[in-house]
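In: give the three-dimensional model of this entry:
(one chain, ligands or ions: 1)
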Amino acid sequence: MAILVTGGAGYIGSHMVWALLDAGHEVVVVDRLSTGFRWAVAPAARFYLGDVGDVVILEQIFAENSIDAIIHFAGSIVVPDSVGDPLDYYDNNTGNTRTLLSTAIRAGIKNVIFSSTAAVYGTPDDCLPVKETALLRPENPYGRSKLMTEIMLRDSALAYDFRYVALRYFNVAGADAHGRAGQSSKRATHLLKVACEAALGERQGVDVYGTDYDTSDGTGVRDYIHVSDLVAAHLKALDYLSAGGASLVANCGYGEGYSVLDVLKTVQKVSGRRFEIRRRDRRPGDAAYVVADPSLARTVLDWVPTHDSLEHIVETALKWERRLVEVEGQDIEALRKRLSAIWQ
Ligand SMILES: NC(=O)c1ccc[n+]([C@@H]2O[C@H](COP(=O)([O-])OP(=O)(O)OC[C@H]3O[C@@H](n4cnc5c(N)ncnc54)[C@H](O)[C@@H]3O)[C@@H](O)[C@H]2O)c1
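Out: Numbers count the residues shown, from 1 in each chain. Prediction:
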C-alpha cells in the first residue's frame, strides 16, 4: 500500500516510516519541520515539505501519489506550551486536522489512523488501568485539542465514507533497536529522555515532581511503551482497516506501571552513571497513577508487544542519546553521513 505519514520527520513518525518500509509499503511523508528533522526521514520515503493545514500541498500529494491510507502524527505536543498558547494548539492539532480530513475525504481516502493521547482521560478516578470507556476529562488545551479531533473523526466517519482508528498513546519512550531513529528534539520533556541526558552529563540531574503520592515509593506511576511496539500497533490498525474493520478508539500501553524513581534508577543502572535526583513539590494536574488497559488493542487489533521491558526501553534510548551527543557540534551533513552508514 501507499501510506501518507504526516509528521514523519518527528520522533514517532520517523519510526513509523521505517516500520512501513520494512513491511514493504510505499511511504510518502509530509512535514513542516517545526520539531522534526529532514535527516530523520528514511531515504526511501518520498518527502514533501509542507503543512497539513495547507490544502494546496495536500492536493498535490493526493494528485501525485495513489494514497491508500493516512497515518496522522503531525501535531504540537508540549503541554505547558498549550497552556501558554492554547489557540496555537487548537489551530494545529484540531484545525489543521480538519483541513487534512476534508481534503483527504475529497480525494477519496478511506482509512485514517490518528495519534491520540492518554491526556484525553485527565486524572482517572481510581487506580485501575484505564479503559477506553473511562470519563474523558482532559486537563489542558493539548489534551482537549486531541479530544476535539477524536470527536471530529467520530462525527465525520458517521457522515462520510471513511473509517478511522484513533490510538491513545501512553508514555512513549525508547528508540529503534537498529539505531536508525530516536527522540532527537532538544525541547523534549519526556522523563526518560531527560534522564538519559542527565546520565550522559548533558544536564544537571533530574527533578521529581511529587514524592508523596499514594504509590509504592511516593512518585507518580506511568505506563511506558516502546516506540517500536507503538508503531507496530499502527501496522496492525492498518491491517484492521484494510480488512474492513469498523472505526475504533484503542489504548496503546502495556498495562504495567513504573514509578518515576523506577525509571531513574533503571537509567542509572543501565548507563552505569549516577546523577542528582531532586525532590520537588507536586505539579497541579499530575495524576498519581495512569496505566492503560490495553485489552482492546490486543484483542481487536491482535497487537502483541515485543519490546515490553523497561531495561530494553532504556538501553535503546541511551544508545540513541549517545549518538546525538557524539555528533553534537558537528554539522548536519556529518549526522546524515553517520546515519546513512547505519542505514546501509
Ligand atoms: N511522544 C509521546 O509521548 C506522545 C504521547 C501521546 C501522543 N503523542 C502524539 O503523537 C504524535 C507524534 O508525536 P511525537 O512525539 O513524534 O512529536 P514530534 O514533535 O517529534 O513530531 C511531530 C512532527 O509533526 C510535524 N508537524 C507538526 N505540526 C505540523 C503541521 N501542521 N504540518 C506538518 N507537519 C507538522 C513536526 O515537524 C514533527 O516532525 C503527536 O500528534 C502527539 O500528540 C505523542
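
In: drop to CA atoms for contacts and neighbour counts, all remaining ones
Out: Fine.

In: the strands in the protein, which residues?
Out: Secondary structure of the chain (DSSP state E): strands located at 2-6, 26-31, 46-49, 69-72, 111-117, 163-169, 171-173, 206-209, 221-222, 224-226, 248-252, 258-259, 277-280, 289-290.

In: now for the last one, which elements pack on it?
Out: Right, the one you point to is strand 289-290. For strand 289-290, the packing partners by 3 or more CA pairs under 8 Å, 6 or more residues apart in numbering; DSSP states H and E come out as strand 221-222.

In: do the strand it packs on and the ligand meet at all?
Out: No. Counting by CA under 6 Å from any ligand atom, the ligand is not contacted by strand 221-222; separation bottoms out at 11.3 Å.

In: average pLDDT for that strand?
Out: Per-region confidence: strand 221-222 scores 96 on mean pLDDT.

In: one more: stretch 58-73?
Out: pLDDT averaged over stretch 58-73 gives 98.

In: that stretch: which residues count as buried?
Out: Within stretch 58-73, the residues scored as buried using 16 or more other CA atoms under 10 Å are 58-59, 61-62, 65-73.

In: which ones among the residues you listed come in contact with the ligand?
Out: Near the ligand, by the rule CA under 6 Å from any ligand atom, you find residue 73 out of those.

In: in TSV, list the buried residues of stretch 58-73 along with distance to residue 177.
Out: Below are the buried residues of stretch 58-73 laid out as TSV (distance: CA to CA, whole Å):
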residue	distance to residue 177
58	32
59	35
61	31
62	33
65	30
66	31
67	29
68	28
69	26
70	25
71	22
72	23
73	21
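
In: pick the one among the buried residues of stretch 58-73 closest to the ligand.
Out: Looking at the buried residues of stretch 58-73 and their distance to the ligand, the nearest is residue 73, at 4.1 Å (CA to the nearest ligand atom).

In: now do the contacts for that closest one.
Out: 5-8, 12-13, 114-115 (CA atoms under 8 Å, 6 or more residues apart in numbering).

In: excluding chain neighbours, give the residue nearest to residue 53 in space.
Out: residue 96 (4.3 Å; CA to CA, 6 or more residues apart in numbering).

In: what's the local residue count around that neighbour?
Out: For residue 96, the tally of surrounding residues (other CA atoms under 10 Å) stands at 21.

In: quick check: it touching residue 52?
Out: Yes. Here residue 96 reaches residue 52: they are 5.9 Å apart, a contact under CA atoms under 8 Å.

In: who touches both of the two?
Out: Counting by CA under 8 Å, 6+ apart, residue 96 and residue 52 have no contacts in common.

In: which parts of the stretch 151-300 of the chain sit against the ligand?
Out: 169-172.

In: one more time with 8 Å, if that's ok
Out: Within reach of the ligand by CA under 8 Å from any ligand atom, the stretch 151-300 of the chain has these residues: 168-173, 183-185, 190.

In: before we move on, back to that, name the member of the contacts of residue 73 with the most neighbours.
Out: Top of these by neighbour count (other CA under 10 Å): residue 8, with 33 neighbours.
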